[in-house]
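1. need coordinates for the following:
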Amino acid sequence: MGSANTDQTAPLRIRVSAAVILDGDGRLLLVRKNGTTAFMQPGGKPEPGETASETLSRELAEELGIRIAPHDLRPLGEFTAAAANEPGFVVVADVFAADIGAQRPRVAAEIAELRWVDGSDAATLEIAPLARENFLPR
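-> Modelled structure (predicted):
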């Protein structure tokens, strides 16, 4: 008849896979999804049964037309940051370095815009906390 003692102030968590993709000038590839204002790393939420690398491989193909096999993604670790587009949530991201070679990313699926950014863009561009705090080149 009792209730579980839970912390109602704890943020809700969103699990994602995200990519660190750098160009030849050391700039980070960021995307902005339709209906949002913040630029973030490409990636997304897993489908049932997917591993983190399988999720990222699928998302890169759907969102940017980039083909990278899951085993070719290099794990960088798990990172947590405030969610850019969902107030009160945090993202828990499995982050991978992705070498896209000569492939050229293009806007597809729910992506509205893509940009290559570095630290000088941080003052004028809304960048998601995960990218800004951990991966934005200085």
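2. next SSE downstream of the longest helix seen in the chain?
-> Ordering each helix of the chain by length in residues (DSSP state H) puts helix 52-64 first. As assigned by DSSP states H and E, the chain's next helix or strand after helix 52-64 is strand 74-82.
3. list of residues touching that next one?
-> Residues outside strand 74-82 that contact it (CB atoms under 8 Å, 6 or more residues apart in numbering) are 11, 18, 20, 52-53, 89-99, 128-130, 133-134. For the C-beta atoms, the positions are set from N, CA and C on the backbone; glycine is no exception.
4. repeat the analysis, applying 10 Å as the threshold.
-> Residues outside strand 74-82 that contact it (CB atoms under 10 Å, 6 or more residues apart in numbering): 11, 13, 15-16, 18-20, 40-41, 52-53, 88-99, 128-135.
5. quick check: end-to-end length of stretch 65-81?
-> With CA to CA, to the nearest Å as the measure, stretch 65-81 spans 27 Å from end to end.
6. swap that for stretch 110-123, sorry
-> OK, stretch 110-123 end separation, CA to CA: 25 Å.
7. in that stretch, what's buried?
-> I111, L114, W116, V117, D121 (16 or more other CB atoms under 10 Å).
8. ditto for stretch 44-56
-> Counting neighbours by 16+ other CB under 10 Å, stretch 44-56 gives G44, P46, E50, A52, S53, E54, T55, L56 as buried.
9. kindly report the same for stretch 33-41.
-> Result for stretch 33-41 [16+ other CB under 10 Å]: buried residues K33, T36, A38, F39, M40, Q41.
10. would you list those in CSV and tack on distance to I68 and secondary structure?
-> Converted to CSV, the buried residues of stretch 33-41 look like this (distance: CB to CB, whole Å; DSSP: H, G, I helix; E, B strand; the rest coil):
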residue, distance to I68, secondary structure
K33, 20, strand
T36, 24, coil
A38, 24, coil
F39, 21, strand
M40, 18, strand
Q41, 14, coil
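11. which pair in the residues you listed has the greatest spatial separation?
-> Pairwise distances among the buried residues of stretch 33-41 were taken by CB to CB; the largest, 13.3 Å, belongs to T36 and Q41.
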